[in-house]
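A.B. asks: sequence plus predicted model, see below.
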Amino acid sequence: MQTVFQKPEALTDVAMHYCPGCTHGIIHRLVAEAIDSLGIREQAIGIASVGCSVFAYDYFNCDMQQAAHGRAPAVATGVKRVRPENIVFTYQGDGDLASIGMAEIVHAAARSENITVIFVNNAIYGMTSGQMAPTTLLGQKTATSPRGRTVEEMGYPIKMCELLATLEGPAYLSRVSTHDSRHVLQAGRAIKKAFEVQQQKKGFAMVEVLSTCSVNWGMTPVNALQWMEENMVPYYPLGVYRDVTAKEGN
Amino acid sequence: MARTLMKGNEALSEAAIRAGLKAFYGYPITPQNEIPAYMAEHLPLRGGVYLQAESEVAAINMVYGAAGAGVRVMTSSSSPGISLKQEGISYIAAGQLPCVIVNVVRNGPGLGGIQPAQGDYFQAVKGGGHGDYRLIVLAPGNVQEMADLTTLAFDLADKWRNPVMVLSDGILGQMMEPVEFAENGEPKQFDKPWATTGAVNRKPNVVNTLDIIADKAEKNMQALLAKYEKIKEEEVRWQEVGTEDADVILVGYGTSGRVARSAMEMARKEGLKVGLFRPITLWPFPEERLCELAKPERQFIAVEMSAGQMIEDVRLAVNGISPVYLSNRLGGMVPTPEDVLAKTREILEGRVN
Amino acid sequence: MPRGEVIVNSELCKECSLCVAACPHGVLGIGKAINSKGYHSVEAVAPEKCTGCTLCAVMCPDVVLTIKRRSPERK
Ligand SMILES: Cc1ncc(C[n+]2csc(CCOP(=O)(O)OP(=O)(O)O)c2C)c(N)n1
Ligand code: SF4
Ligand code: SF4
């Protein structure tokens, strides 16, 4: 018998604190697998953000910095500019990236900062116990949209891949999902690609990963996957929104 | 190197580059614009990175990243921009990251104006951002010190793993004076085994400011406070002129320190026994020395371009032994030596209560 | 002899059932034993059916599962 699946080296042995079935854990593993398969663990410097993934610095087995809420792209810029040979990535939630950190992500993308951004979109603020996020769907009930999100009161959810695709800067933009194993494998390939783009010094790469928050959505982990497939995927279409390597016929 | 005539802001910038600066991240605001302009012109040609950030918030977080990655890094701004940086400064202090922050203070609050002022004293020396932390705060009083204290700022930042603020103002920034840079220009080197440089043949390094377990967080805070106590013991700096026999001691830093010095010289010509006490480190404040100087028959005047901020530290230092008065101007107005002298006479003649 | 084998690190399991739902052959089920975190850990209830396809492990958020396979999958 041969081992065909095991914990990647780029994850530490620390047990993750996430709620049962939280797909943050899957996404952590995919990032770690990408780091392992490219052999860049010793070069990697990760930037943890503020949200449920704040403890990412305990889980990734590489150098890490923990950034203030929303500022991870600026921190990553600060690191990458002085250590261009290192591989620098951020790991951010939707409140972090698409609300308080909107300026930082847009400008990092516009400058085509040569970093990799892992953007976890779970349509809610997980850590602060379930408030409305910039990506909360219309009609979705949260602690701060108890009757469901309405356009009149709260406006529209933000589609980050589409928004950043209006800029010249990004080299790679892709939206993937974690609602079943086929899509998780696809997400893993996109994340690996986003690191390769940085290795090739092509510029800003972001993967938006649709993720569940069963606890704050108020459903079982298995039902959350189904809810995500039926509600989030139609509003946030999966696919590649920018890939400069494809243009070059690579 | 020969003495050259330079603007204060340029002397500061040149000194920073000579100190081995590897990155400057900033955002435009008057009256500090000569600093980023100098950096943009020279730093990339001398092995460093210059980047104009999208905001002061982004700039200070870029500083956090680069400081965490182990290089000498700085930012500069002026009052409203420094307010925006406070969150990042608190994180940098908590993460014990070395960096230099220049505040070329202008009058405020609000958008205020672009005239020189000292209204950011409390913000600089008492915290400014959230939580129990301290910046080392250096207050240059002339163009030579704009250079020398900037060099010192980088060394202190690395020595103590602490952010250091250079507190200046528009007059010091614009003023031209001769300045000399040290011949043996090699910057001091500090080992940074904690920096995130890639975990090659070692365990991963983590730059972190989160502490959710209360008893552990308290221990970490106590360690931080112990560091601040050592800084107080070792790093207090000030200048004293004519204090031995003084009936009145003028206390002022930066531009108001210069004004106070002129007032003191005028007073001495008139035969009045007036001395000057100029704090160079605003934190740690030279409180012990001021306390030694205090006696019931001696009076102090805090000379400020703020509404009575530093005077609180002077009063705490003299601890009720001596009376302390205020001579100040606000709104970007600079006190004249004549103003200060007039106040000194009033006090000596007992016309102030 | 089954083609594959699932090894469960029970201490890490959080009883979320994502692996149970992901397995195409019904190999896994929530067991009776409780781990130190208070969760009923998953276990192989029909180990003989395992093909070593790794789909359960792919869906596990907590890297609980290690998978072994008899021979490398033909591509
Ligand atoms: C300046 C600041 N404002 C607010 C907070 C509180 N806060 C912590 S996490 C969070 C939201 C996180 O949500 P998200 O980024 O979507 O990540 P998730 O927890 O859902 O993974 C907020 C508002 C903070 N830590 N700092
Ligand atoms: S609150 Fe939501 S996002 Fe946070 S760990 Fe739990 S399930 Fe995951
Ligand atoms: S997916 Fe992982 S954590 Fe969830 S039940 Fe299965 S083994 Fe346990």
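C.D. replies: All right, it came through fine. Numbering: from 1, shown residues only, chains lettered A, B, ... in the order given. Ligands and ions are numbered 1, 2, ... in the order given.
A.B. asks: do you know the pLDDT at the residue of chain C found nearest ligand 1?
C.D. replies: Per C-beta to the nearest ligand atom, C:Pro61 is where chain C lies closest to ligand 1, at 13.0 Å. For the C-beta atoms, the positions are set from N, CA and C on the backbone; glycine is no exception. C:Pro61 carries a pLDDT value of 98.
A.B. asks: go ahead and confirm it touches C:Cys16.
C.D. replies: Yes - with contact defined as C-beta atoms under 8 Å, C:Pro61 reaches C:Cys16; the gap is 6.9 Å.
A.B. asks: show me the longest helix that occurs in chain A.
C.D. replies: helix A:181-199 (DSSP state H).
A.B. asks: give me the residues contacting that helix.
C.D. replies: A:26-27, A:30-31, A:33-35, A:37-38, A:40, A:87-89, A:114-118, A:171-172, A:174, A:176-178, A:203, A:205-207, A:209, A:238, A:240, A:243-245, C:22, C:55, C:58-59 (C-beta atoms under 8 Å, 6 or more residues apart in numbering or on different chains).
A.B. asks: just the buried members of those?
C.D. replies: When the contacts of helix A:181-199 are checked for burial by 16 or more other C-beta atoms under 10 Å in any protein chain shown, the buried set is A:26-27, A:30-31, A:33-35, A:38, A:40, A:87-89, A:114-118, A:171-172, A:174, A:176-178, A:203, A:205-207, A:209, A:238, A:240, A:243-244, C:22, C:55, C:58-59.
A.B. asks: so is residue 33 in a helix, a strand, or just coil?
C.D. replies: Just so you know, I chose chain A. Assigned state for A:Glu33: helix (three-state reduction, DSSP: H, G, I helix; E, B strand; the rest coil).
A.B. asks: meant chain C actually
C.D. replies: Using three-state DSSP, the structure places C:Ala33 in strand.
A.B. asks: can you list the residues of chain C near chain A?
C.D. replies: C:4-5, C:11-12, C:14-18, C:21-22, C:39, C:52, C:54-55, C:57-63, C:65-73 (C-beta under 8 Å from any C-beta of the partner chain).
A.B. asks: can you tell me which of those residues end up in strands?
C.D. replies: Judged by DSSP state E, strands contain the following of those: C:Gly4, C:Glu5, C:Leu65, C:Thr66, C:Ile67, C:Lys68, C:Arg69.
A.B. asks: residues near the fourth one, how many?
C.D. replies: Looking back up the chat, that one is C:Thr66. C:Thr66: 17 surrounding residues under other C-beta atoms under 10 Å in any protein chain shown.
A.B. asks: ok, now how distant is it from A:Gly203?
C.D. replies: C:Thr66 sits 37 Å away from A:Gly203, going by C-beta to C-beta, to the nearest Å.
A.B. asks: please enumerate the strands of the stretch 1-150 of chain B.
C.D. replies: For the stretch 1-150 of chain B, the strands defined by DSSP state E, counting those that start in this stretch occupy B:4-7, B:23-26, B:49-52, B:73-77, B:99-105, B:136-138.
A.B. asks: mean pLDDT added to the ones you listed, as JSON lines?
C.D. replies: What follows is the strands of the stretch 1-150 of chain B, written out as JSON lines (pLDDT from 0 to 100):
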{"stretch": "strand B:4-7", "mean pLDDT": "96"}
{"stretch": "strand B:23-26", "mean pLDDT": "98"}
{"stretch": "strand B:49-52", "mean pLDDT": "98"}
{"stretch": "strand B:73-77", "mean pLDDT": "98"}
{"stretch": "strand B:99-105", "mean pLDDT": "98"}
{"stretch": "strand B:136-138", "mean pLDDT": "98"}
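A.B. asks: will you turn those strands into CSV that also has distance to B:Pro193?
C.D. replies: Below are these laid out as CSV (distance: least, C-beta to C-beta, whole Å):
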stretch, distance to B:Pro193
strand B:4-7, 37
strand B:23-26, 20
strand B:49-52, 23
strand B:73-77, 18
strand B:99-105, 18
strand B:136-138, 22
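A.B. asks: the ones you listed: which one's closest to A:Ala110?
C.D. replies: With C-beta to C-beta as the criterion, A:Ala110 lies closest to strand B:49-52 of the strands of the stretch 1-150 of chain B, at 12.4 Å.
A.B. asks: pull out the buried positions in the closest one.
C.D. replies: B:Val49, B:Tyr50, B:Leu51.
A.B. asks: over to stretch B:76-94?
C.D. replies: Buried-residue list, stretch B:76-94, by 16+ other C-beta under 10 Å: B:76-79, B:81-94.
A.B. asks: can you check stretch B:264-281 too?
C.D. replies: Those would be B:264, B:266-268, B:272-281, for stretch B:264-281 by 16+ other C-beta under 10 Å.
A.B. asks: can you map out the helices along chain C?
C.D. replies: Under the criterion DSSP H, chain C contains helices at C:18-22, C:55-59.
A.B. asks: how long is stretch A:35-45 from one end to the other?
C.D. replies: 11 Å (C-alpha to C-alpha, to the nearest Å).
A.B. asks: ok so, going back, out of the residues of chain C next to chain A, which end up buried?
C.D. replies: Applying 16+ other C-beta under 10 Å to the residues of chain C next to chain A flags C:4-5, C:12, C:14-18, C:21-22, C:39, C:52, C:54-55, C:57-63, C:65-69 as buried.
A.B. asks: okay, now C:Lys32: neighbour count?
C.D. replies: Neighbourhood size, C:Lys32 [other C-beta under 10 Å]: 7.
A.B. asks: tally of neighbours for the closest residue to it other than its chain neighbours?
C.D. replies: Sequence neighbours aside, C:His40 is the residue nearest to C:Lys32 in space, at 6.6 Å (criterion: C-beta to C-beta, 6 or more residues apart in numbering or on different chains). Per other C-beta under 10 Å, the neighbour tally for C:His40 reads 16.
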